[in-house]
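Asker: A predicted structure for the sequence below; I have some questions about it.
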Amino acid sequence: METLHMIWSLFIDFIEFFILGGLVVVVMLFVHDKYVQRKHALLINYPVIGRMRYVFEALREPLRQYFAEETFYDSKDKVDWVYKAAKDVPNYQSFSVAQPFGGSRFVIKHATNVLNEDEVSDDTSVVFGKDREIPFISETPIIRSAMSDGALSPEAVRAFSIAGANTGLTVNIGEGSLTSNHLFTHKPDLDNANYLEVVKSTPWAEFIYKVGKTLFNGKVAVKWYRNTLLNKRTQNTYIYDTNSHVLFRVNWSANLEDFPKEVPNDIPNMIFQMSSGLYGVRDENGEFDELRYQKVMKFCRMTEIKIAQGAKQTGGKLAANKVTADIAYYRGVPEGENVFSPNRFPFADSTTHLLDFVERLQGLSKKPVGFKIVISDANAVEEMVQEMAKRKADGRSLPDFITIDSGEGGSATAPLELMESVGLTTNNALYVMDTLLKRHNIRDDVKIISSGKILTPDDAIITMSMGADAVGIARGFMMSGGCIRARMCSGFGSHVCPVGLATQDPKKRASYLVIKEGKEIGNYHKNLVKSMKVVLAVMGKESIKDLDKSLLTFKNANGEIYFDIDKYFHQKLHI
């Protein structure tokens, strides 16, 4: 208090000088804006005061969510549900929703004889690739949609890995390849670790670690420990094992026989996403490397080929300031340069070419393989499905799943002109795919994963009732992991993610609380599944496997009610 009183007294004694200094700064700004700068006409006409326009412009987006109505989702209450679920606090609403649902919407049918919650099955698993040598059983129908290490910070990837390992969440690793951060929870057996590059501790490193932990915290201690043992620009490609005190990363030069025979049970269930850039499975010339792919699949459960994304039908884009030495190492690309993937997947010149490549990957991995698309034309989908049906008749292999991303899909870096102008919305796209697969008698052979603006348990139930076997969620998991929707993810602007979630900025990353956020991401996943069972009980259904379109009613914007939603969609889509 005495220090503050002294500072205040000093300020009062010299207040004239502070005022004079302020006036000098204002006059200098006035002269600069009026007579020197020639970039902004506004500042020439309104020097100094015109700068407030740029201040408010910078504050508009970060503060919009706090003072304006929710415009992206049906209601701000849905967004609040995510944050409460992540905090694992009671998620009940008083009086009514803040923004009543308007316009057209699906309504879940209430059963005449509802079930008690303990009568709903705890089995929420989904089986992919039932005909593969190594099928994948996802513990729940919830999949964290594709988000890459690089687009996300290393710390955020580690948090998602914690949530996946602890709660059975299936994680799609995104197009940025498998990285050390995805193996954050791995506890290797050092006697059988030829598949790893291991850096063992030293007495000096142990001393430095203890000093850091005593004076500060574990995060600082590990940072000092890394600097002591590695002192390399790519030191963050190594993971610190708290049990053995070694640093490790995957040794991609090791023989395939040295890699684990089965996916280690201490890492999350992961879907490897292969993009047009072939990151993580490319050789020195950027060509597909079969052996590297087989090594990657020793850690992943199935493969998703990325043909298109809802908000980004172009190739993936990663800003140069996100392409650190670590990311360059993982992806096999130059450091500090923009990474723009080709628009077209190299093995998808035609449907036949794509399906042949799917079959090739199934043979290499012995695991499920599918692809991700955006639907905007039923005729194009039917042509693809017809080709798949023909292959089945010929005894050929089919994709084990198809992921459908909606035209409303989000992305940290996408051209505005594509964000809402290409692709059908979630339920329309899902209806087209489900209907056409059934029409050609291959629906039982191909699972459907659907994503796009799914946040809450009712969103997931409606999507699965529409025909999805599993749902992909991106933004909900981002929010559960600390995202405040500041819309500064891309890395191309002057600002970066303020919470350290979607940035490579070292200072912002340092603030991200990996363990805490990992727990909260897991809470969101657990509460999603738990509350889906609540909805199932009200619907009178014992299992997610009992969901179908007959359990939904549709109300359009004119108030017309369709108890048979097939009639609505046939009238609407004409398929």
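Answerer: Alright, I've got the coordinates. Everything quoted here is computed from the prediction, not taken from an experiment. Residues are numbered from 1 along each chain as shown.

Asker: alpha carbons only for contacts and neighbour counts from here, please
Answerer: Fine.

Asker: can you confirm H182 is in a strand?
Answerer: No - assessed with DSSP: H, G, I helix; E, B strand; the rest coil, H182 is helix; it does not lie in a strand.

Asker: didn't it look like it was pressed against V157?
Answerer: Yes - using CA atoms under 8 Å, H182 is in contact with V157, at 6.4 Å.

Asker: Mind checking which of the two has more residues around it?
Answerer: V157 (28 against 25; other CA atoms under 10 Å).

Asker: residues contacting the more buried one?
Answerer: Neighbour list for V157: D149, N181, H182 [criterion: CA atoms under 8 Å, 6 or more residues apart in numbering].

Asker: With I448 instead?
Answerer: F401, I402, T403, I404, D434, G467, A468, D469, A470.

Asker: Could you list the paired strands of the one helix or strand the fourth one maps to along with their orientation?
Answerer: Secondary structure from DSSP states H and E places I404 in strand 401-405. Strands flanking strand 401-405 in the sheet, each with its direction: strand 369-374 (parallel), strand 447-451 (parallel) (DSSP bridges).

Asker: Can you tell me which of the contacts of V157 is nearest N338?
Answerer: Of all the contacts of V157, N338 sits closest to D149, with 15.1 Å by CA to CA.

Asker: Who's the closest spatial neighbour of the closest one, skipping the chain neighbours?
Answerer: Among residues not flanking D149 along the chain, G176 sits closest, at 5.8 Å (CA to CA, 6 or more residues apart in numbering).

Asker: wait, isn't the one you found in contact with R331?
Answerer: Yes - with contact defined as CA under 8 Å, G176 reaches R331; the gap is 6.4 Å.

Asker: With neighbour numbers in mind, choose between these two.
Answerer: G176 (27 against 24).

Asker: is it fair to say that one lies in a helix?
Answerer: No - under three-state DSSP, G176 sits outside any helix and is assigned coil.

Asker: least trustworthy helix or strand in the chain by mean pLDDT?
Answerer: Sorted by mean pLDDT, DSSP states H and E, the helices and strands of the chain end with helix 416-419, the least confident at a mean of 60.

Asker: Quick one: distance of the strand holding I404 to the chain centre.
Answerer: Averaged C-alpha coordinates place strand 401-405 at 15 Å from its chain's average position (CA atoms, centre = their mean, to the nearest Å).

Asker: Run a quick check on V114 versus M539, I expect a contact.
Answerer: Yes - the pair V114 / M539 is scored as a contact, 6.3 Å apart, by CA under 8 Å.

Asker: what number of residues lie near D546?
Answerer: The tally of other residues near D546 (other CA under 10 Å) stands at 12.

Asker: Please tell me how far it sits from G472.
Answerer: 19 Å (CA to CA, to the nearest Å).

Asker: List phi and psi for the closest residue to G559 other than its chain neighbours.
Answerer: Leaving aside its sequence neighbours, G559 sits nearest to S104 (CA to CA, 6+ apart; 7.9 Å). Dihedral pair for S104: phi -80, psi 150, per degrees, to the nearest 10.

Asker: Next up, the contacts around S104.
Answerer: F554, K555, N556, A557, N558, G559.

Asker: ok, now how distant is the second one from I108?
Answerer: Just to be clear, that refers to K555. For K555, the distance to I108 - CA to CA - is 11 Å.

Asker: Report the buried residues of the top helix by length along the chain.
Answerer: In the chain, assigned by DSSP state H, the helix with the most residues is helix 514-539. Buried positions in helix 514-539, judged by neighbour count with 16 or more other CA atoms under 10 Å: 514, 517-529, 531-539.

Asker: Packing partners of that helix?
Answerer: helix 76-87, helix 154-167, helix 457-465, helix 475-480 (3 or more CA pairs under 8 Å, 6 or more residues apart in numbering; DSSP states H and E).

Asker: Format the strands paired with strand 401-405 as a markdown table; extra columns: distance to A320 and mean pLDDT.
Answerer: Output for the strands paired with strand 401-405, formatted as a markdown table (distance: least, CA to CA, whole Å; pLDDT from 0 to 100):
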| stretch | distance to A320 | mean pLDDT |
| --- | --- | --- |
| strand 369-374 | 26 | 96 |
| strand 447-451 | 28 | 97 |
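
Asker: which of those strands is buried the deepest?
Answerer: Each of the strands paired with strand 401-405 was scored by mean neighbour count; the highest is strand 447-451, a mean of 26, by mean count of other CA atoms under 10 Å.

Asker: Show me how far that one is from its chain's centre.
Answerer: For strand 447-451 - counting by CA atoms, centre = their mean - the centre lies 15 Å from the chain centre.

Asker: now the angle from it to helix 457-465?
Answerer: 140 degrees (axes from the mean of the first three to the mean of the last three CA atoms, to 10 degrees).

Asker: Provide a list of residue ranges in the stretch 201-350 of the chain with pLDDT below threshold.
Answerer: Where the stretch 201-350 of the chain drops to pLDDT under 70, the residues are 310-316.

Asker: Which parts of it are strands?
Answerer: Along the stretch 201-350 of the chain, the stretches classed as strands by DSSP state E, counting those that start in this stretch are 239-240, 247-250, 269-274, 302-306, 317-318, 339-340.

Asker: now those strands in CSV, with mean neighbour count and distance to D77?
Answerer: Shown next, in CSV, are the strands of the stretch 201-350 of the chain (neighbours: other CA atoms under 10 Å; distance: least, CA to CA, whole Å):
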stretch, mean neighbour count, distance to D77
strand 239-240, 23, 38
strand 247-250, 22, 42
strand 269-274, 26, 31
strand 302-306, 25, 32
strand 317-318, 20, 32
strand 339-340, 18, 37
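
Asker: can you redo those strands as a markdown table with distance to G164?
Answerer: Shown next, in a markdown table, are these (distance: least, CA to CA, whole Å):
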| stretch | distance to G164 |
| --- | --- |
| strand 239-240 | 17 |
| strand 247-250 | 19 |
| strand 269-274 | 7 |
| strand 302-306 | 15 |
| strand 317-318 | 25 |
| strand 339-340 | 28 |
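
Asker: N91: which of those is closest?
Answerer: Using CA to CA, the strands of the stretch 201-350 of the chain put strand 269-274 closest to N91, at 27.9 Å.

Asker: That closest one pairs with which strands?
Answerer: strand 170-172 (parallel), strand 302-306 (parallel).

Asker: Give me the contacts around it.
Answerer: Counting by CA under 8 Å, 6+ apart, 138, 146, 164-165, 168-175, 177-178, 297, 299-306 sit against strand 269-274.

Asker: Buried among those residues? Make that a PyMOL selection.
Answerer: Command for PyMOL that selects the buried part of these, burial taken from 16+ other CA under 10 Å:
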select buried, resi 138+146+164+165+168+169+170+171+172+173+174+175+177+178+297+299+300+301+302+303+304+305+306
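
Asker: Report the beta-bridge partners for A470.
Answerer: Beta-bridge partners of A470, as defined by DSSP bridges: I449.

Asker: just how off-centre is stretch 172-189 within its chain?
Answerer: The answer for stretch 172-189 is 14 Å, by CA atoms, centre = their mean.

Asker: swap in stretch 497-516?
Answerer: The answer for stretch 497-516 is 16 Å, by CA atoms, centre = their mean.

Asker: likewise stretch 367-387?
Answerer: That offset, for stretch 367-387, works out to 22 Å (CA atoms, centre = their mean).

Asker: In it, which residues are buried?
Answerer: 367-376, 378, 381-382, 384-387.

Asker: same thing with stretch 458-476?
Answerer: Buried, per 16+ other CA under 10 Å, within stretch 458-476: 458-476.

Asker: Perfect, I'm done here.
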